[in-house]
Each structure stands twice: as structure tokens, then as C-alpha cells.
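>>> No letters, just coordinates:
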């Protein structure tokens, strides 16, 4: 997900994008380096999270910020529709997330989440129908989904959670002036 601050607190100006049709490769590279530095310095401007990390993060946020977020907010946060979480909500969320981090609750949640993932049983491999062998247009022989065992890890293990990610998101939310999930 790409999450953009609605009214971010900026400490520097966003770099001007060159005309890529006329720009040299050096100018393009410099622009992207400058943009990366701008985003790192202006934490409320942009928060980047791929879907694998975003879903557990947003589920955690929805849980601890349940008094701030409506059911519609939570559902829309799982889409990349440009849904707006307004400034007032963002300020309350930032306070709650900061409190949870300071109290150690986020780290405890991380441990419990990881324990849950670690204890998931393997599931039947759907690529080879539990035979361990594939014979299709993609793979001939040992199944690459289960290494020939007929079982594979649960898909849920594809969704990691980390307290540091929450901390980065909390800093973004605090400086975002509200945000849009795109």
C-alpha cells in the first residue's frame, strides 16, 4: 500500500521532478535519490508497505484504535482506494499507537502473533494435490510448492508483523495531518 499524508508536517521542499523525456539518466537518478531523502526526512509525507506487511499492520491498528476507527474505516484501510483517515482520527491513532509501543503491548502482540504463525499446521499442497509430484505445463517432477512432501506452510505465514513497522507507521501517522490509503 502507498499511504500518503493529507497535510504532512514538512521540514523541506519536495524535489522537482524533471521532464523524464529530456532528462539524462544522471538527472533521473539524482531526482529519485533526492525524493528518497525527502521522504525519509519528512516522515508524514509517505508510508510504504507491501500488502504482506500492510494487512497485519492495519489489523493491529484497527484492533488497538477501535474507538477511533469505524467499521468503514477499517474495511477501506484494506483497499487501495484512496480512502481518507482525517487529521483528528490520525492524531488520536498516533497517541494510541505511541502508548501501545511505550507500554510494550506492541512487542507482546508481535510475540503472540509470531507464536501463532509458528504453531500453524502445514496444509495440503494444492499444486500437486498432496502427491508431491507435478506433471503440468509449468513443472515436471517434484512439486516446487511442497518440495515433494505433499504439505506446505499455511498461506497465513506470508503476512509478517513487526513492532518496528508499527513504530514507523506511528511516526508517519503523527506527522501526516491525516492520510490516504492508496
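Looks like it arrived, so ask away. Just so it is clear, the model here is predicted, and its values are computed rather than measured. Residues are numbered from 1 along each chain as shown.
>>> right, and residue 178 touches residue 84 too?
Yes: counting by CB atoms under 8 Å, residue 178 does reach residue 84; the two are 6.4 Å apart. Using the backbone N, CA and C atoms, a C-beta is placed for each residue, glycine as well.
>>> Identify the residues contacting residue 12.
Going by CB atoms under 8 Å, 6 or more residues apart in numbering, residue 12 touches 38, 41-42.
>>> Check the spacing between it and residue 179 real quick.
19 Å (CB to CB, to the nearest Å).
>>> just to revisit the earlier point, find the residues that touch each one of residue 178 and residue 84.
residue 6.
>>> which one of those two has more residues nearby?
Applying other CB atoms under 10 Å to residue 178 and residue 84 shows that residue 178 carries more neighbours, namely 19 against 16.
>>> Contact partners for the more buried one?
Residue 178 is in contact with 5-7, 84-90, counting by CB under 8 Å, 6+ apart.
>>> What about those, which are in helices?
Of the positions in those, 87-90 sit in helices, assigned by DSSP state H.
>>> quick one: which of those residues is most hemmed in?
Ranked by neighbours (other CB under 10 Å), the ones in helices among the contacts of residue 178 are led by residue 90, which has 24 neighbours.
>>> which ones are touching that residue?
Applying CB under 8 Å, 6+ apart to residue 90 gives the contacts 6, 173-174, 176-179.
>>> got it, and residue 61?
69, 77, 93, 97, 166, 169.
>>> can you count the residues close to residue 103?
10.
>>> wait, residue 74
Residue 74 is surrounded by 16 other residues when neighbours are defined as other CB under 10 Å.
>>> Ok, the one 4 residues further on next?
Around residue 78 there are 16 other residues, counting by other CB under 10 Å.
>>> That one touches residue 55, doesn't it?
Yes: the pair residue 78 and residue 55 qualifies as a contact (CB under 8 Å) at a distance of 6.8 Å.
>>> ok, back up a step: of the contacts of residue 12, which qualify as buried by neighbour count?
Using 16 or more other CB atoms under 10 Å as the burial test, the contacts of residue 12 include 38, 42 as buried.
>>> among the contacts of residue 12, which are in helices?
In helices, defined here by DSSP H, the members of those are 38, 41.
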